[in-house]
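>>> sequence and predicted model, in that order:
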Amino acid sequence: MASSQERLFGTNGVRFIPGVSHDLDFVIKLAESIGTYFGEGEILLGQDGRNSSPAIAHSTAAGLMSAGRDVAEAGLVPTPALQFAVKTFGFKGGVMVTASHNPPQYNGLKVVGSDGVEIPRLDEQRIEKIFNDDAETRADWKSVGTARSEGTVVRNYISGVTGRVNTKLIAQRRFSVVMDLGNGAQCVAAPYLVESLGCKLTTLNSVLDGAFPGRGPEPTPETLKDLSLAVRSVGADLGVAYDGDGDRAIFCDEVGGIYWGDQTGPLIADYLLEKSPGGTIVTPVSSSQAVEAVAKKRNAKVLRTRVGSVDVSRTVLERKALFGFEENGGCIYPAHIAVRDGGMTTALVLECLAARGMAFSKAMSYWVPRYYLAKTKVEIDRKKIESIMRKVERQAGKEVEKVDGLKVWVDDHTWVLVRASGTEPIVRIFAESDTREKAEATLKKYVKAVRAASA
Ligand code: MG
């Protein structure tokens, strides 16, 4: 249970294992702290399809009402649908019960502001302080909050997404799409979205299940072999897969090739920049340089942020950017809402392919230059991390970017990123280049440097 200095928020909301690391008393107190932070106004509450989500959602509603907040319960919805509803319906804020792509035993709470975007880091600390100081409000019988159900969140989400793309252009192509829902929260939205865009749909793992018995809640090239196979056997134009709460989408071309998010991100960015010249693109330091190549051609600017979707979202808003993306498949289109959204990403890819009029694999090789990424992790002693980073920086002997970790440009097309994990005693090393050999050689060199520095 809570110690006086407890950190609650991680990279993406509060995560825990219900009944093991934290119990429902913790959830109620946390929700009281969140309700106290928000002050007056109604809060929209949603949940993903995990086994523990109903219990945690009820406890969250109880805590919010205890703090005097009124609660509108959306029930089971994808995270981006909840976020979009908070923004468009004018709620004071929102809380989503989800552990995104984490294994089935996990759950968590994500807190969003009235703009639908995850609250800033400083506000997370305000909630932690309320929690740790036992300063949460507990309303009496006169001021305790009420609850009602809000059943239009998914419908509002689908019409919000379709309102941002050229539906006629997409529908004309009669795309055949294979969708791997991974037993996650997009089961209740994405199939209806894609069918409303005139696509012929085949689904995999389309039954909502908190044990994620299909391919697990995290879409990666390794877990999407069935999707790749299904696309080829159906003869589909493309495949798409979502994570557990539906904010990330990973795509597969017509010949079964899986693309990581920093390949589809630049494809979408290029298309949007063609329509809106001069826009800014935002992405973390760790994603591929393919986006710079695309932006250069379009005379556009790329802003690099720390790793984490909250940083990307907040930068997109502050800099009024056109588009943002992460390598894990999270894409942010602020004309819709400045958060990662698997459904919006799907609609954008469909419009882009319809407009380009070529097969997915052809569009990708024509519009997005190919780079090679090599990555690994090195175990280190966490106490030595600062001295390791200092030594590696000195050894780099070049200008080092310090947005997040150390990023060094070895030559015009080769970079390496050395970044300490926030939670584990490891350093992650990424190297990208225009040839596989150069990427691997650079990685090897920096693994050696990190090992030498930690000896
Ligand atoms: Mg997610």
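On my side now, so go ahead.

>>> close to the ion: what parts of this structure are there?
With C-beta under 5 Å from the ion as the criterion, the chain meets the ion at residues 100, 243, 245, 247. Glycine gets a C-beta too; all of them are placed from N, C-alpha and C.

>>> can you get me a residue count around residue 455?
By other C-beta atoms under 10 Å, 8 other residues sit near residue 455.

>>> could you do residue 144 as well?
Residue 144, neighbours per other C-beta under 10 Å, totals 15.

>>> quick one: contacts for it?
For residue 144, the contact set (C-beta atoms under 8 Å, 6 or more residues apart in numbering) comprises 65-66, 68.

>>> circling back to that earlier point, which one of the residues of the chain next to the ion is nearest to residue 157?
Closest to residue 157 out of these is residue 247 (11.8 Å), distances taken as C-beta to C-beta.

>>> and the residue of the protein nearest the ion?
residue 100 (3.2 Å; C-beta to the ion).

>>> still on that earlier bit, tabulate the residues of the chain next to the ion (JSON lines), appending neighbour count, secondary structure and pLDDT.
Formatted as JSON lines, these follow (neighbours: other C-beta atoms under 10 Å; DSSP: H, G, I helix; E, B strand; the rest coil; pLDDT from 0 to 100):
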{"residue": "100", "neighbour count": "26", "secondary structure": "coil", "pLDDT": "93"}
{"residue": "243", "neighbour count": "30", "secondary structure": "coil", "pLDDT": "96"}
{"residue": "245", "neighbour count": "32", "secondary structure": "coil", "pLDDT": "97"}
{"residue": "247", "neighbour count": "33", "secondary structure": "coil", "pLDDT": "97"}
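
>>> distance between stretch 418-431 and the chain's centre?
Put simply, stretch 418-431 sits 19 Å off its chain's centre (C-alpha atoms, centre = their mean, to the nearest Å).

>>> sorry, slip of the keys, the one I care about is stretch 194-211.
Its chain's C-alpha centre and that of stretch 194-211 lie 20 Å apart, by C-alpha atoms, centre = their mean.

>>> ok, now stretch 113-120?
On C-alpha atoms, centre = their mean, the centre of stretch 113-120 falls 14 Å from the chain's centre.

>>> do stretch 305-314 as well
10 Å.

>>> now stretch 24-42
For stretch 24-42, the distance to the chain centre is 24 Å (C-alpha atoms, centre = their mean).

>>> contacting residues around that stretch?
Stretch 24-42 has contacts (C-beta under 8 Å, 6+ apart) with 1-2, 8, 14, 16, 18, 43, 55-56, 59-72, 91-93, 95, 109, 111, 123, 126-128, 130-131, 135-138, 145.

>>> restricted to buried residues, select those in PyMOL.
Remark: buried members of the contacts of stretch 24-42, expressed as a PyMOL selection using 16 or more other C-beta atoms under 10 Å:
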select buried, resi 8+14+16+18+43+55+56+59+60+61+62+63+64+65+66+67+68+69+70+71+72+91+92+93+95+109+111+123+127+128+130+131+136+137+145
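
>>> quick one, strands of the stretch 351-455 of the chain?
Under the criterion DSSP state E, counting those that start in this stretch, strands of the stretch 351-455 of the chain are mapped to 372-379, 400-401, 406-411, 414-420, 426-433.
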